[in-house]
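> sequence? don't have it. structure:
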Ligand code: S3P
């Protein structure tokens, strides 16, 4: 019975998407890649990670792109890659934390996809980003201050996403459940 309900919900989500992709947005550490990948599995859709695709296209890591060419260069590549990925097959796409902040990229996402913001408080995000050291924006003396400022400046824009889901310290499947329910039930903005 539970299984039948789950597949009915998945069918509802796919019907509502009408072929559009799902784009995960949010700050570093929100879980866009982890949850996006599992969401894709749940829905039977392919998954792509914009940062990974940028790295493949550039033949360099995100960190190397920032170091060798600067952030503006990274942002223009990011916009191109996201646009290309959203022109392709329906998928779940995880984007880097700055992607939705770029008005051009945001317009493409609004036009071609349904966006899901994974929000989260500073303590949760810090706990997660501390584990990994590859993020160029956090290579500073006070990464927590950077994250605090990014929460202040970016959250009002992230809130423009079609759906908002609170990222929490619970099993990934619970967050995926929340996203699936939101996509199946709620009217999007
Ligand atoms: C960035 C977030 C990173 C990556 C780049 C810039 C940002 O992605 O795109 O380092 O501006 O917030 P994640 O959010 O996946 O860490």
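Ah, there it is. All values reported here derive from a predicted model rather than from experimental measurement.

> just the helices in this structure please.
2-17, 32-43, 50-58, 62-69, 71-87, 103-112, 122-129, 143-158, 172-185 (DSSP state H).

> By mean pLDDT, show me the worst of these.
Mean pLDDT is lowest for helix 2-17 among those, at a mean of 83.

> So for it, what gets flagged as buried?
Residues 9, 10, 13, 14, 17 are the ones in helix 2-17 that count as buried (16 or more other CB atoms under 10 Å). All C-beta spots, glycine's among them, are computed from the backbone N, C-alpha and C.

> now those residues in TSV, with distance to residue 78?
As requested, the buried residues of helix 2-17 are exported to TSV (distance: CB to CB, whole Å):
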residue	distance to residue 78
9	32
10	30
13	27
14	27
17	23
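
> doesn't residue 28 make contact with residue 118?
No - in this structure, residue 118 is not within contact of residue 28 by CB atoms under 8 Å, at 11.0 Å.

> Neighbour count for those two, which is higher?
Higher neighbour count among residue 118 and residue 28: residue 118, with 27 against 21, using other CB atoms under 10 Å.

> Tell me how far that one lies from the ligand.
Separation of residue 118 from the ligand (CB to the nearest ligand atom, to the nearest Å): 10 Å.

> again with residue 51
According to CB to the nearest ligand atom, residue 51 and the ligand sit 5 Å apart.

> now swap in residue 76 and tell me
Remark: distance between residue 76 and the ligand (CB to the nearest ligand atom) = 13 Å.

> Could you tell me how many residues sit around that residue?
14.

> mind checking how far the residue nearest the centre of the chain is from the ligand?
Centroid-nearest residue in the chain: residue 24, 2.6 Å away (criterion: CA atoms, centre = their mean). Distance from residue 24 to the ligand, counting by CB to the nearest ligand atom: 9 Å.

> show me the contacts for that residue.
Residue 24 sits next to 32, 33, 35, 36, 39, 92, 93, 94, 95, 115, 116, 118 when contact means CB atoms under 8 Å, 6 or more residues apart in numbering.
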